[in-house]
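Chemist: A predicted structure for the sequence below; I have some questions about it.
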Amino acid sequence: MQWSLFLLILMGQCCLFTCRLYEYHFIKENKSWSEAQRYCREKYTDLAKVFDMTDMSRLRNSAQNQGEAWIGLNNTGGNRMWHWSLPGVKYIHNDSSWNLNGRTGNEPYPGNCGRKRYDNGDKKLADVSCDITMWFICYDEKKKDNKTLYLITTSMSWTQAQSYCRSIYTDLASGLDQVDGEEMKTLITATFSAWVGLFRDSWRWSDGSDSSFRYWDMQLFNDEQSNKKCAMTLLNRSGNWSSDECDKEKPFFCYDDKIILIKENKTWEEALNYCRESHRGLVSITNPYQQRWAEVRAKNASSPFVWLGLRYSCTLDLWFWVNDKLVCYERWSREGKTEECDVAVGMQSGGQYEWVSQRDNETYNFVCFKYDF
């Protein structure tokens, strides 16, 4: 009984611990945005990208500077793409979710923020100007009072609503599961329009990732400034972002992966030995942030799965990470978990990036730790 309790305590601690699979480096040299990009790609992985507010804290803490510094976001001038505000929620377009009598979300209207209207005839999304003020719906992952969604009946612009939700809760309600879910229906007591966490822009990250996180200082930032195409963080304004002309010279942030995709097909044991000999070991994933970072690597794989460092032990009748980390986070596909001898975990290299049990003599690409974290 005591040993079981000890394991539960350890697992709880592990699940609460957030260890990121990348680190930031502040470079004090003044360079243009493209020069900074080239430097980061040569010395590290790329110009810094940011997934969420935790990353913003880490970014600020990695610098002593109080001025401006480039990050890896730039305005490509291409098509504006829709995103959900909450990090990790991917936007998938669905015509049935939009008000087709108004704005579908694909037409060249000036509205770049999403609202949802609730009454008997209209319960769909529409794109409207972000400056309009209305009620809004916050999402809270901490589940206060067993609730995750909160209707705020104070009128604000979209960016003001986003800042409010991030400061008090987690973010604006994001994803159709939240926006159209059962809990949302309990909030509807009258006809009203409300902001949800939907926005679109033409800003892209240098390394090609699809992170939707934005942290603009709206007093200084104007998305329509045609000559200010590169993003910077304002370290003297809580790290909020603005933009500037890309040929201006500033310090900058790079990021460096602690994991690497090996695009060679090997059995699980061959992959394990390769990682131990050439790097530190096969990757372990103990929280959603590490999963998200591993997905960024896996999407470039040339095999349908990539090996992770998770294997099933017939002797002990349990799953274990080869670097002795506790199995406190899982992302199995619906029918993907098979507890048999000679089985290890392959993560899908596309789709939902879920885990699937695979015979360990199958050959796939794999993900290694470059060094300890």
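Modeler: Noted; the coordinates are in hand.

Chemist: Once you drop chain neighbours, what's closest to the residue nearest to the spatial centre of the chain?
Modeler: Note on the chain: the residue nearest the mean C-alpha position is residue 88, at 3.8 Å, using Cα atoms, centre = their mean. In this structure, residue 88 finds its nearest non-sequential neighbour in residue 292, 5.9 Å apart by Cβ to Cβ, 6 or more residues apart in numbering. For glycine as for every other residue, the C-beta is placed from the backbone atoms N, C-alpha and C.

Chemist: What is the neighbour count of the one you found?
Modeler: For residue 292, the number of neighbouring residues by other Cβ atoms under 10 Å comes to 19.

Chemist: Now do it against residue 254, distance only.
Modeler: Separation of residue 292 from residue 254 (Cβ to Cβ, to the nearest Å): 19 Å.

Chemist: Over to residue 85?
Modeler: Note on residue 85: its distance to residue 254, by Cβ to Cβ, is 26 Å.

Chemist: These two: who's more crowded?
Modeler: Taking neighbours as other Cβ under 10 Å, residue 85 and residue 254 compare with residue 85 leading, 27 against 24.

Chemist: I'd say that one and residue 199 touch.
Modeler: Yes: counting by Cβ atoms under 8 Å, residue 199 is a contact partner of residue 85 at 6.6 Å.

Chemist: which neighbours do those two share?
Modeler: The contact sets of residue 85 and residue 199 overlap at residue 214 (Cβ atoms under 8 Å, 6 or more residues apart in numbering).

Chemist: Wait, a strand at the residue nearest to the centre of the chain?
Modeler: No: counting by DSSP: H, G, I helix; E, B strand; the rest coil, residue 88 falls outside a strand, being coil.

Chemist: How about the contacts made by it?
Modeler: When contacts are counted by Cβ under 8 Å, 6+ apart, residue 88 touches 51-52, 288, 292.

Chemist: residues contacting residue 268?
Modeler: Contact analysis of residue 268 by Cβ under 8 Å, 6+ apart lists 307, 311, 344, 358, 360-362.

Chemist: Which pLDDT value does the model give it?
Modeler: With respect to pLDDT, residue 268 scores 97.

Chemist: roughly how far apart are it and residue 168?
Modeler: 46 Å.

Chemist: List the contacts of the host helix or strand of residue 23.
Modeler: In the assignment (DSSP states H and E), residue 23 maps to strand 22-31. By Cβ under 8 Å, 6+ apart, the list of residues contacting strand 22-31 from outside reads 36, 39-40, 44-45, 48, 58-59, 62-65, 69-70, 249-258, 293.

Chemist: Hey, what's the angle from the helix or strand harbouring residue 260 to strand 22-31? Just curious.
Modeler: Per DSSP H and E: residue 260 is located in strand 259-266. With axes from the mean of the first three to the mean of the last three Cα atoms, to 10 degrees applied, the angle from strand 259-266 to strand 22-31 works out at 120 degrees.

Chemist: Parallel or antiparallel, list what pairs with strand 259-266.
Modeler: Neighbouring strands of strand 259-266 in its sheet, by DSSP bridges, are strand 364-369 (antiparallel).

Chemist: How far away from the center of its chain is the partner strand?
Modeler: Distance of strand 364-369 from its chain centroid, counting by Cα atoms, centre = their mean, to the nearest Å, is 21 Å.

Chemist: swap in stretch 58-75?
Modeler: For stretch 58-75, the gap between its own C-alpha mean and the chain's C-alpha mean amounts to 18 Å (Cα atoms, centre = their mean).

Chemist: list the buried ones in it?
Modeler: Within stretch 58-75, the residues scored as buried using 16 or more other Cβ atoms under 10 Å are 58-60, 63, 68-75.
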